[in-house]
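Trainee: Sharing a model prediction with you, sequence too.
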Amino acid sequence: MTESNHEVSASLGGLVLAGGQGKRMGSTGPKVLMRLLGEPMLFYIYQALSSVLPEEAIWTVVGYQREKLDSAFSRYASRFVHQQQQLGTGHALFCAYPLLRENGIRHCLVVNGDVPLVPPRALQDLQGKALSQKADVAFLTMRLAHPSGYGRVIRGEGDIVRRIAEEKDLQASEAGVDEVNAGIYCLDLERIGSYLERMDQNNVQGEYYLPQLAEIAAREGGRVSAVCVEDGAKELLGVNNPQELVYNEEILSRRIRQYWLESSVIVRNPEQVRIGPRVSLEPGSELTGPLEIYGASRIEAQARVDSHVWISDSTVAEGAWIRSFSHLEGARVEQSAQVGPYARLRQAAVLKPESKVGNFVEVKKAVLGPESKANHLAYIGDASVGSGANIGAGCITCNYDGIAKHQTTIGDQAFIGSNVSLVAPLQIGARAVVGAGSTISKSVPDSFLAVARAKQKNLERKLPQEEKDNGSTGQTGRKNT
Ligand code: UD1
Ligand code: CA
């Protein structure tokens, strides 16, 4: 029993069709790399497929700008099949067929790369029915009030599927059909080998249509099984144009928000909160929209993120507070640290516990030590700041000399006055003080005061005699010209 189960599962595979360009999207890149909530469409397809199949059993047909897919999905790239010319979905399957067979795949789930919301249970259901009904060709269908753009399921006597007619090939008598092909199939590769040979391009678009397999199978007395998804049809809608992209993104967004609301996360103004699928939020964290959080971000308990914030691949630790209009990318904000309003944390910015970064401060590849502060108008890049240090307004780490980046180190309890340029490489010692307006290019030892600015001179002005007589010392005496 166990053995035969194993045999069945080893012969199950998946194939994603991702070779097309997607001209209607208006994008220059491959359509399947267009993003929904920060992740490429293909991410979602792989996520769904890999919940029903092992990753090693998932192949992908690529073609248009495949190098972009190679680098975006390197984990899957060893099972990419190249489709030199995009001659249609049937041709895409044709290209992958020999490889799937070589790898012992018998039953294959074939999924169009532009149906990102396909739920795993629909795939499971389709696979189950295809196997139990011993279908040559099984596919998911749905009924749509506005079926335009989709292939229609044409049934004959006894409701038996006769063919799938693409919209452009519809006959007048078929115009009223509202059941459409969702572009998700389960194929018995052993049985369809001969059907593949018989596909042709005799249609309005001059392409090889994968759905033609249903017609050939039906004609040859093979079993064709249309599995209609009764509810949740909107999760099977394809993405062919910008409207459909944002429509799918909205559905996904609502689903994710609802999930977090039900997981003890406070999401205020939820309609305007967008959370990517890889984001993790701890119970007791609090978000207020409008707000976007993407990538592998993590917001911990009691952390608070205010409105108009954009976060990607960043961690906001327990009790930290991100105030409005801040932008975080690849940053780590540790316990009870505060950011913003109007702060920018870039790649590898690390704010240690209880540190503070205020308005118009940019931090990049820098660590700000515990309880240190940069409250206004500063740039801290390629730097390491100790604990309890104070960085004044207008302090700039001059990290770039036009060729290379250099490091600045600022010790514990150091005090950097306002409008200071720190010309790296440089070390400012612990408890050192740098006077306002200084340009510092030599390191400052611990507990020293450094001032590097021109000495102030107060010179008496030469004024015309009459003004002197009037004693109008505080005025310029100039006429407005
Ligand atoms: C397809 C179906 C249609 C169905 C609809 C559901 C065909 C001919 N029609 O139409 O019946 O109702 O999906 O969404 O299959 N691709 C390749 N190589 C190619 C052509 C396409 O890999 O040569 C890939 C695309 O990248 C895409 C997928 O196949 O991910 C589907 O292609 P698309 O052109 O979007 O098919 P539709 O016209 O939407
Ligand atoms: Ca499509």
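Mentor: In hand now; what should we look at? What you see is a predicted model; the values in this text were computed from it and never measured. Residues are numbered from 1 along each chain as shown. Ligands and ions are numbered 1, 2, ... in the order given.

Trainee: list the contacts for whatever residue of the stretch 251-400 of the chain ends up closest to ligand 2?
Mentor: The minimum distance from the stretch 251-400 of the chain to ligand 2, using C-beta to the ion, falls at residue 251 (16.5 Å). Where C-beta positions appear, they are placed from N, C-alpha and C, glycine not excepted. Residues counted as contacts of residue 251 (C-beta atoms under 8 Å, 6 or more residues apart in numbering) are 117, 234-235.

Trainee: Among those residues, which one has the most neighbours?
Mentor: For those, neighbours were counted using other C-beta atoms under 10 Å, and residue 117 has the most, 23 neighbours in all.

Trainee: Contact partners for it?
Mentor: So residue 117 contacts 44, 234-237, 248, 251-252 (C-beta under 8 Å, 6+ apart).

Trainee: for residue 410, which residues make a bridge with it?
Mentor: Beta bridges link residue 410 to residue 385, residue 428 when assigned by DSSP bridges.

Trainee: That one: how many residues sit nearby?
Mentor: Neighbours of residue 410 (other C-beta under 10 Å): 31.

Trainee: host element of whichever residue of the stretch 1-150 of the chain sits closest to ligand 2?
Mentor: Closest residue of the stretch 1-150 of the chain to ligand 2, C-beta to the ion: residue 114 (4.5 Å). Counting by DSSP states H and E, no helix or strand carries residue 114.

Trainee: Could you tell me how far it is located from residue 247?
Mentor: 13 Å (C-beta to C-beta, to the nearest Å).

Trainee: quick one: which of these two has more around it?
Mentor: Neighbour totals were compared for residue 114 and residue 247, and residue 114 leads with 24 against 15 (other C-beta under 10 Å).

Trainee: give me every residue that touches the more buried one.
Mentor: 22, 31-32, 41, 183, 238-240.

Trainee: Could you do residue 34 as well?
Mentor: Residue 34 neighbours (C-beta under 8 Å, 6+ apart): 22, 25, 27, 40-41, 239, 245.

Trainee: will you turn those residues into TSV that also has secondary structure?
Mentor: Output for those, formatted as TSV (DSSP: H, G, I helix; E, B strand; the rest coil):
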residue	secondary structure
22	coil
25	helix
27	coil
40	strand
41	helix
239	coil
245	helix
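
Trainee: Please name the nearest non-neighbouring residue to residue 63.
Mentor: residue 19 (3.3 Å; C-beta to C-beta, 6 or more residues apart in numbering).

Trainee: Give me the pLDDT for that neighbour.
Mentor: Here, the pLDDT recorded for residue 19 equals 96.

Trainee: That one against residue 94, yeah?
Mentor: No. The pair residue 19 / residue 94 is not scored as a contact, 11.5 Å apart, by C-beta atoms under 8 Å.

Trainee: So for the two, which sits in the more crowded spot?
Mentor: Using other C-beta under 10 Å as the criterion, residue 19 and residue 94 rank with residue 19 on top: 29 against 18.
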